[in-house]
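Enquirer: Give the three-dimensional model of this entry:
(one chain, ligands or ions: 2)
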Amino acid sequence: MLDPELGASIVELGMVGDIEVDGEGRATVHVALTTVGCPLRSHIERDVKEAVLSLGEVTSVEVVMGVMDAASRTTLMTRARRIAQERAPETSIPVQTPVLMIASGKGGVGKSSVTANLAVALAATGRCVGVLDADIWGFSLSRLLGIHGDVSASAGKMQPLAKQFGKGSIKLLSMGLLADEDQALMWRGLMVQKAVAQFIEDADWSGIDYFLIDTPPGTGDIAMTLARLLPQMGQLVVTTPAMAAQRVAARAADFARKSNIRVLGVIENMSGFSCECGERHDLFGEGGGRALAEELNVPLLCEIELNRAITSGGDEGVPAVVHEADDGVLHQLAARIINEVAPPAGAEGCSARMLDAMARAVEQPLHTS
Ligand SMILES: Nc1ncnc2c1ncn2[C@@H]1O[C@H](COP(=O)(O)OP(=O)(O)OP(=O)(O)O)[C@@H](O)[C@H]1O
Ligand SMILES: [Mg+2]
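Expert: Ligands and ions are numbered 1, 2, ... in the order given. Now for the predicted structure:
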């Protein structure tokens with residue numbers, strides 16, 4: 001039987017322990033749940049009873065429920081992810097490519113701005129970054145990245161729009177390309193999930209070193225669809241320093257946990273404002289990012305101050321990070337992603353292949369360290 005939340009068999013997941021049957025056919029089954037208050041407890045109990053009773057010799061079944069310790073839970077989650085990975089549909093996204101969903105429970109906290117700037121900062125290191133704007137109701141990445149044009153298809157696959165940034169490049173597809181803004185407002189649940197699936201399965205994402213997905217605020221079913229298609233996906237949670245925003249972000253993160261999406265880190269945005277005289281003002285409270293990161297036991301990746309360059313960069317289609325000093329907060333965020341949170345896969349990406357091709361073109365052996 002399947003765990004309804006984790007989508008794999010509870011035996012495969014290691015949730016079923018000993019099964020004893022006495023001489024009169026009375027069976028006792030030990031099942032370890034992931035949490036005490038597992039909402040699916042009675043559901044699992046009923047299914048286990050049915051499954052064991054269907055075995056001929058069994059006359060009655062007692063299900064003894066226990067709860068896993070933290071270590072067993074971690075093992076189970078790893079196993080669930082591996083199973084999901086094996087069963088995931090084939091996509092053109094290289095399996096080793098880190099996939100990062102940028103999420104928050106609340107709107108307007110800067111998810112899209114963070115996605116655009118992180119994508120450009122990663123591209124600036126010579127990588128090819130795939131970006132999917134999965135926010136059909138408020139798509140904004142074409143504008144933020146200054147990438148416009150019509151999407152063409154080749155060999156039955158949508159071809160993302162590409163643009164060079166520094167030594168690397170960005171490949172963008174936006175759900176906004178599907179419908180104009182008035183139409184998009186009418187899109188509902190299933191339609192959106194199907195569209196998301198198409199943008200993953202029927203698009204040519206080959207050769208990307210990173211895949212970033214910007215999501216609309218607090219959307220469980222889009223995240224579920226993405227997690228099913230891209231089991232390697234992890235989540236970066238964006239919050240403002242205000243404690244209220246932090247609570248909403250915690251809900252998004254809690255959802256991610258339940259749907260088996262790893263939370264990889266917290267990004268605090270709009271963290272105060274430094275005026276020209278050097279004084280700092282905490283306009284939106286303080287400490288929300290750190291508190292959330294501690295609660296989730298993940299790193300606080302950066303605190304991005306309120307900065308007019310982020311807004312104006314978005315308006316001009318040239319993300320602020322393009323003009324940021326090398327040791328600026330946005331470059332540092334990219335560095336932490338590369339070095340710590342989601343290291344890129346070996347040398348399989350398009351940039352490495354580009355180097356290969358260049359080396360061949362000049363007929364020189366390529367020395368890499
Ligand atoms: N650090 C910052 N400094 C100044 N302005 C910012 C900063 N981060 C975001 N903004 C501005 O705040 C507004 C909201 O940002 P953005 O659109 O990135 O948020 P969002 O979370 O994607 O919103 P939505 O939930 O509507 O998709 C934008 O006008 C953006 O320019
Ligand atoms: Mg947005």
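
Enquirer: what about residue 250, distance to residue 120?
Expert: 28 Å (CB to CB, to the nearest Å). For the C-beta atoms, the positions are set from N, CA and C on the backbone; glycine is no exception.

Enquirer: now swap in residue 198 and tell me
Expert: 26 Å.

Enquirer: now residue 205
Expert: Residue 205 sits 18 Å away from residue 120, going by CB to CB.

Enquirer: So if I had to pick from these two, which one is more boxed in?
Expert: Between residue 205 and residue 120, counted using other CB atoms under 10 Å, the more crowded position is residue 120 (28 against 23).

Enquirer: so is that one in a helix, a strand, or just coil?
Expert: Classification of residue 120 using DSSP: H, G, I helix; E, B strand; the rest coil returns helix.

Enquirer: That one contacts residue 317, doesn't it?
Expert: No. Taking CB atoms under 8 Å as the definition, residue 120 is not a contact partner of residue 317, at 11.0 Å.

Enquirer: Quick one: residues contacting whichever residue of the stretch 201-350 of the chain sits closest to ligand 2.
Expert: Of all residues in the stretch 201-350 of the chain, residue 214 sits closest to ligand 2, at 5.9 Å by CB to the ion. Residue 214 makes contacts with 102, 111, 112, 115, 131, 132, 133, 134, 135, 140, 141, as judged by CB atoms under 8 Å, 6 or more residues apart in numbering.

Enquirer: give me the beta-bridge partners of it?
Expert: In this entry, residue 214 is beta-bridged to residue 102, residue 133, by DSSP bridges.

Enquirer: And the pLDDT at it?
Expert: Per-residue confidence (pLDDT) for residue 214: 96.

Enquirer: for the one 10 residues further on, same thing?
Expert: Per-residue confidence at residue 224 stands at 82 (pLDDT).

Enquirer: how close does the residue of the stretch 201-350 of the chain closest to ligand 2 get to residue 305?
Expert: Distance of residue 214 to residue 305, given as CB to CB: 21 Å.

Enquirer: cool, and residue 286?
Expert: As defined by CB to CB, residue 286 lies at a distance of 12 Å from residue 305.

Enquirer: hey, what's in contact with both of the two?
Expert: Counting by CB under 8 Å, 6+ apart, the residues touching both residue 286 and residue 305 are 271, 272.

Enquirer: Can you tell me, leaving aside adjacent residues, what's nearest to the closest residue to ligand 2 within the stretch 51-200 of the chain?
Expert: In the stretch 51-200 of the chain, the residue found nearest to ligand 2 is residue 112; the distance is 3.3 Å by CB to the ion. Distances taken as CB to CB, 6 or more residues apart in numbering put residue 140 closest to residue 112, at 4.7 Å, once the chain neighbours are dropped.

Enquirer: Same question for residue 132.
Expert: Closest to residue 132 by CB to CB, 6+ apart is residue 213, at 4.7 Å.

Enquirer: For the most centrally placed residue in the chain, list the residues it contacts.
Expert: When CA atoms, centre = their mean is applied to the chain, the residue found nearest the centroid is residue 101 (2.7 Å). Residue 101 makes contact with 213, 215, 223, 226, 233, 234, 235, 236, 261 under the criterion CB under 8 Å, 6+ apart.

Enquirer: can you tell me which of these are in strands?
Expert: Cross-referencing those against strands under DSSP state E gives 213, 234, 235, 236.

Enquirer: Which strand or helix spans residue 117?
Expert: helix 111-124 (DSSP states H and E).

Enquirer: can you give me how far that helix is from the chain middle?
Expert: What separates the centre of helix 111-124 from the centre of its chain is 14 Å, taken as CA atoms, centre = their mean, to the nearest Å.

Enquirer: buried residues in that helix?
Expert: Using 16 or more other CB atoms under 10 Å as the test for burial, helix 111-124 gives 111-124.

Enquirer: Same check on stretch 164-176?
Expert: Result for stretch 164-176 [16+ other CB under 10 Å]: buried residues 165, 168, 169, 170, 171, 172, 173, 174, 175, 176.

Enquirer: Turn the residues you listed into TSV, including pLDDT.
Expert: Shown next, in TSV, are the buried residues of stretch 164-176 (pLDDT from 0 to 100):
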residue	pLDDT
165	95
168	95
169	96
170	97
171	97
172	97
173	95
174	91
175	83
176	76
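
Enquirer: tell me the two of the buried residues of helix 111-124 that are most distant?
Expert: 111 and 124 (20.4 Å; CB to CB).

Enquirer: where exactly do the helices run in the stretch 51-200 of the chain?
Expert: With DSSP state H, counting those that start in this stretch, the ranges of helices along the stretch 51-200 of the chain come out as 70-87, 111-124, 141-145, 181-185, 189-201.

Enquirer: Buried deepest among those, which one?
Expert: Neighbour counts (mean count of other CB atoms under 10 Å) averaged over each of the helices of the stretch 51-200 of the chain peak at helix 111-124, with a mean of 27.

Enquirer: So what's the model's average confidence on it?
Expert: On average, the pLDDT along helix 111-124 is 97.

Enquirer: That helix and ligand 1, are they touching?
Expert: Yes. For helix 111-124, a contact with ligand 1 is found by CB under 6 Å from any ligand atom, at 111, 112, 113.

Enquirer: can you tell me which of the helices of the stretch 51-200 of the chain the model trusts least?
Expert: For the helices of the stretch 51-200 of the chain, the weakest mean pLDDT is recorded on helix 181-185, namely a mean of 68.

Enquirer: Contact residues of the stretch 101-250 of the chain facing ligand 1?
Expert: So the stretch 101-250 of the chain meets ligand 1 at 104, 107, 108, 109, 110, 111, 112, 113, 135, 138, 140, 217 (CB under 6 Å from any ligand atom).
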